[in-house]
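Asker: Sequence plus predicted model, see below.
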Amino acid sequence: MTQAMEVKTLRIDGVDVSARADQTILEAARENNIAIPTLCHLDGLSDVGACRLCLVEVAGTNRLFPSCVTRVEEGMQITTSTDRLQKYRRMTLELLFAERNHVCSVCVSNGACELQALGQSQGLTHIEFPYRFPQLPVDASHERFTLDHNRCILCTRCVRVCGEIEGAHTWDVMGRGEKARVITDLDQPWGTSESCTSCGKCVEVCPTGALFDKSDVGTRARKHPEFLTYLNEMRGGQS
Amino acid sequence: MARTIIIDPVTRLEGHAKITLQTNDRGEVESARFHVTQLRGFEKFCEGRPFYEMPTLMSRICGICPVSHLITSAKACDAILAVRIPPTAAKLRRILNLAQIIQSHALSFFYLSSPDLLLGMEADPAERNLFGVVRANPELGRGGVRLRQFGQQVIELLGEKRIHPGWVIPGGVSEALSAEKRDRILAMIPEALAITQNTLAWFKIRFESFREEVRTFANFPSLFMGLVTGNDRPGYYDGKIRFTDSTGRIVADNLDPANYPEFMGEEVEQATYVKSPYYKPMGYPNGMYRVGPLARLNLSKRCGTPLADQEWTEFRSLERGAVLSSFHYHYARLIEILHGIERIHALLDDPEILDTHVRASASLNNLEGIGASEAPRGTLIHHYRVNEQGLITWANLIIATGHNNLAMNRGILQVARHYVHGDKLTDGMLNRVEAVIRAFDPCLSCSTHAAGQMAIHVRLVNTAGELMDEVRRS
């Protein structure tokens, strides 16, 4: 059964596009091959607007909108790449790099990291903010996987895939602000988690080397978050 | 008046160092000290990291010998996993290690030392470099570049990157060798062999004009230490530790590297960040020993490949017992390059090299692991302790340059005594003090786990600590 869905027309980067009323600006842009950088967004998961990389400008307001959680509206005039947006995107990335301890050269995800790739694509050459060098633990208690808080950017993809797709809800976020951490169960060591099914979905969707498979270290292995799209298709849900 | 001469920093080395020479009232050099002035801290900041990250992390100690650290670290991790890696994986690691030794020796001989050897110790410093070599003897210069390229390309073909490759992992290697890559390496071997043989022929004539240097460059009795295989060949990838004395007599043999704390002490000195390992039964500093190419050829009874064995026989006939002059490190390096190329060829000719079973898997089984292999400059040991999650709680690295530290100090003293007279610093003296260190090819960035700019700075300080004379070269 299909329901008629209202269609909106709008303009993105000077291109006239149409989109269903329930679509986001990001979805409408990508359907029309207009690239907007993202980090916390992943096709197949709900959106939370956490990373702020997908900010766009909308004519008529000085406010910036996160395109992954902003619905299209009739007559919107959107710009996805301006000097101001690029400056903010680089600043966001710099803050992510400065916040914890990202050492690409010795990271399991070196060459296959979404944060690193965004740094390169957004022309990030220096980190202007002082590095904070926090002392953060590594949880290697799980038999197959390791959690390294030093490389976590709190995108919460792991939290969402575990709750929404696997249905285990092992992962969650504890603490606020700079003290925020992803945790397993009620902040118990991952290896002792009773809810974790060891399915590895969290590892596959993690954009950095924060979650990794122990056997992948040194192998230049890549993660495969695209499994989500296939899985959702097979389940008959969204793709 | 008694004075102190400081050479700071020392050039054409891997890393940053300075030298202090103390003279007595008669103007004779009384003591020599080689200071490594920077600290890297790898043993400390790896604490808390997972052990399976160690090969990648530890290989960042050095851009010259990342492979040596990669392999030795992986071996320590193999011990933590308590696995025996598949035979093909061991052979592939062996090829990678030999390629590393070839490229590093080529760098040392051609890029760093051949300017002294070809143009002479007294040549104009502006000309005494690789470009000067290329102008004076294009074939020699080109050969050096090509030979280093050979080693680097083998590393790249196996490990994807020339500098800081991955591929070697706890349990073996991550990917099998393809027939196509094997054939590409095999195709490069004839040229590499020809360059090495031509250079050996040139050097054997050339070093006759360095008799004085041969006699005075760290030429003294000492122990030699290194890994030796069961059939008395140098054990580049693995083997048991052997100590011999200056007559060639075996002092200790079949020592398991994993028991190194029983026979190897490490002395910490105030004046330098490099520790001074010594052979424990003889105490400090009498337990001084040398490692590296010279030691390896002194410890073994052959190399194990036809062309290198001929050269080995000729080399060992230079002296009655062990070859004692550190000047002959250069000669030994060329023989090792020859052997490395031959050995790579033999390993690649074995059909088993293409076997796809190249990784053994296991989880944490031991809370401690020790790995050892021969790096270009000598025996390298990595020693880790982990907690039950596999996170590093303690690490100790013993680096080849460290083993040679006592001998280098002694060598500098010997050459300074011979060349320093009166109270004026001469270029000839400075050049030879530097050259004796260069003969050992120390890698200071590794041994202190240091980055720095090269230049030379010599200071003369009298007993009152006043600066008497100063020479600076950038």
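Answerer: Nice, thanks for sending it over. Residues are numbered from 1 along each chain as shown, chains lettered A, B, ... in the order given.

Asker: Just the pLDDT at the residue most central in space within chain A, thanks.
Answerer: The geometric centre of chain A, computed from its C-alpha atoms, lies nearest to A:Cys40 (Cα atoms, centre = their mean), at 1.6 Å. You'll see A:Cys40 listed with a pLDDT of 97.

Asker: May I ask you to confirm that it belongs to a strand?
Answerer: No: going by DSSP: H, G, I helix; E, B strand; the rest coil, the assignment for A:Cys40 is coil, not a strand.

Asker: Report the contact partners of it.
Answerer: Neighbour list for A:Cys40: A:47-51, A:53, A:68, A:155-157 [criterion: Cβ atoms under 8 Å, 6 or more residues apart in numbering or on different chains]. Backbone N, C-alpha and C define where each C-beta goes, glycine included.

Asker: Next, count neighbours for the residue nearest to B:Ala372 when sequence neighbours are not counted.
Answerer: The shortest distance from B:Ala372 to any non-neighbouring residue, by Cβ to Cβ, 6 or more residues apart in numbering or on different chains, is to B:Pro257 (3.5 Å). As a burial measure, B:Pro257 scores 23 neighbours (other Cβ atoms under 10 Å in any protein chain shown).

Asker: and what of B:Arg242?
Answerer: Using other Cβ under 10 Å, B:Arg242 has 24 other residues around it.

Asker: helix, strand or coil for it?
Answerer: strand.

Asker: Tell me which stretches of the stretch 351-474 of chain B form strands.
Answerer: Here the stretch 351-474 of chain B has its strands, by DSSP state E, counting those that start in this stretch, at B:368-375, B:378-386, B:392-398, B:456-462, B:467-473.

Asker: With chain A instead?
Answerer: Using DSSP state E, the strands of chain A run over residues A:7-12, A:15-20, A:55-58, A:64-66, A:77-79, A:138-139, A:145-148, A:171-174, A:181-184, A:211-213.

Asker: Surely B:Ile64 and B:Leu107 touch.
Answerer: Yes: if you go by Cβ atoms under 8 Å, B:Ile64 and B:Leu107 touch, sitting 6.7 Å apart.

Asker: Now tell me which helix or strand of chain A has the poorest mean pLDDT.
Answerer: helix A:227-234 (a mean of 89; mean pLDDT, DSSP states H and E).

Asker: which residues touch it?
Answerer: Residues outside helix A:227-234 that contact it (Cβ under 8 Å, 6+ apart) are A:42-45, A:161, A:165, A:201, A:204-205, A:238-239.

Asker: ok, and for it, which residues are buried?
Answerer: By neighbour count, with 16 or more other Cβ atoms under 10 Å in any protein chain shown as the criterion, the buried positions of helix A:227-234 are A:227-228, A:231-232.

Asker: A:Val15 - how many residues pack around it?
Answerer: Neighbourhood size, A:Val15 [other Cβ under 10 Å]: 12.

Asker: Other residues contacting stretch B:199-219?
Answerer: Outside stretch B:199-219, the residues that touch it by Cβ under 8 Å, 6+ apart are B:109, B:117-118, B:121, B:140, B:143-144, B:147, B:311, B:314, B:324-328, B:330-331, B:334-335, B:338, B:407-408, B:410-412, B:414-415, B:418-419, B:432, B:435-436, B:439-440.

Asker: List the residues that contact the residue nearest to A:Cys202 when sequence neighbours are not counted.
Answerer: In space, and not counting its chain neighbours, A:Cys202 is closest to A:Cys158: 3.7 Å by Cβ to Cβ, 6+ apart. Contact analysis of A:Cys158 by Cβ under 8 Å, 6+ apart lists A:171, A:182, A:202, A:205-206, A:211.

Asker: Over to A:Ile127?
Answerer: Contacts for A:Ile127 (Cβ under 8 Å, 6+ apart) come out as A:94, A:97-98.

Asker: Which of the residues you listed are buried, as a PyMOL select command?
Answerer: Applying 16+ other Cβ under 10 Å to the contacts of A:Ile127, the buried members can be selected in PyMOL as follows:
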select buried, chain A and resi 94+97
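
Asker: Quick one: the contacts of A:Ile127 as JSON lines, columns for pLDDT too.
Answerer: Putting the contacts of A:Ile127 into JSON lines (pLDDT from 0 to 100) gives the following:
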{"residue": "A:Glu94", "pLDDT": "97"}
{"residue": "A:Phe97", "pLDDT": "97"}
{"residue": "A:Ala98", "pLDDT": "97"}
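
Asker: B:Ser363 and B:Ala82 touch, don't they?
Answerer: No: if you go by Cβ under 8 Å, B:Ser363 and B:Ala82 don't touch, sitting 9.8 Å apart.

Asker: Tell me the spacing between the residue nearest to A:Asp139 when sequence neighbours are not counted and A:Asn110.
Answerer: Closest residue in space to A:Asp139, ignoring its immediate chain neighbours: A:Leu147 at 4.3 Å, by Cβ to Cβ, 6+ apart. Going from A:Leu147 to A:Asn110 by Cβ to Cβ, to the nearest Å gives 18 Å.

Asker: Who has more neighbours out of these two?
Answerer: A:Leu147 (27 against 16).

Asker: Tell me who's in contact with the more buried one.
Answerer: Counting by Cβ under 8 Å, 6+ apart, A:Leu147 touches A:138-140, A:182, A:184, A:190, A:210-211.

Asker: Now do residue 46: how many residues are near it, please.
Answerer: By default, I'm working from chain A. Neighbourhood size, A:Ser46 [other Cβ under 10 Å]: 12.

Asker: um, chain B though
Answerer: By other Cβ under 10 Å, 23 other residues sit near B:Cys46.

Asker: Likewise for B:His382?
Answerer: 28.

Asker: if I look at it, how far off is chain A?
Answerer: 15 Å (Cβ to the nearest Cβ, to the nearest Å).

Asker: Which strand residues bridge that residue?
Answerer: B:His382 has these beta-bridge partners by DSSP bridges: B:Gly371, B:Leu397.

Asker: Give me the phi and psi for the residue in the stretch 301-450 of chain B that chain A sits nearest to.
Answerer: Going by Cβ to the nearest Cβ, chain A is nearest to B:Gln389 of the stretch 301-450 of chain B, at 4.2 Å. As for B:Gln389, its main-chain torsions (degrees, to the nearest 10) stand at phi -90, psi 0.

Asker: Tell me what the closest residue to B:Ile7 other than its chain neighbours is bridged to.
Answerer: The shortest distance from B:Ile7 to any non-neighbouring residue, by Cβ to Cβ, 6+ apart, is to B:Ile19 (3.9 Å). When assigned by DSSP bridges, B:Ile19 has beta-bridge partners B:Ile7, B:Phe34.

Asker: so what's B:Ile19 up against?
Answerer: By Cβ under 8 Å, 6+ apart, the contact list for B:Ile19 reads B:5-8, B:10, B:32-35, B:412, B:433, B:437.

Asker: Which member of these is positioned nearest B:Arg249?
Answerer: Of all the contacts of B:Ile19, B:Arg249 sits closest to B:Ile412, with 27.1 Å by Cβ to Cβ.

Asker: does the closest one really touch B:Val433, like I thought?
Answerer: Yes: between B:Ile412 and B:Val433 there is a contact under Cβ under 8 Å: 5.9 Å.

Asker: what kind of secondary structure is B:Ala295 in?
Answerer: Reduced to three states by three-state DSSP, B:Ala295 is helix.

Asker: just checking, it touches B:Phe224?
Answerer: Yes: counting by Cβ under 8 Å, B:Phe224 is a contact partner of B:Ala295 at 3.9 Å.

Asker: out of the two, which sits in the more crowded spot?
Answerer: Relative neighbour count places B:Ala295 above the other of B:Ala295 and B:Phe224, with 31 against 26, counting by other Cβ under 10 Å.

Asker: And the pLDDT for that one?
Answerer: B:Ala295 is assigned a pLDDT of 97 by the prediction.

Asker: Could I get the contacting residues of it?
Answerer: B:Ala295 makes contacts with B:224-226, B:289, B:378, as judged by Cβ under 8 Å, 6+ apart.
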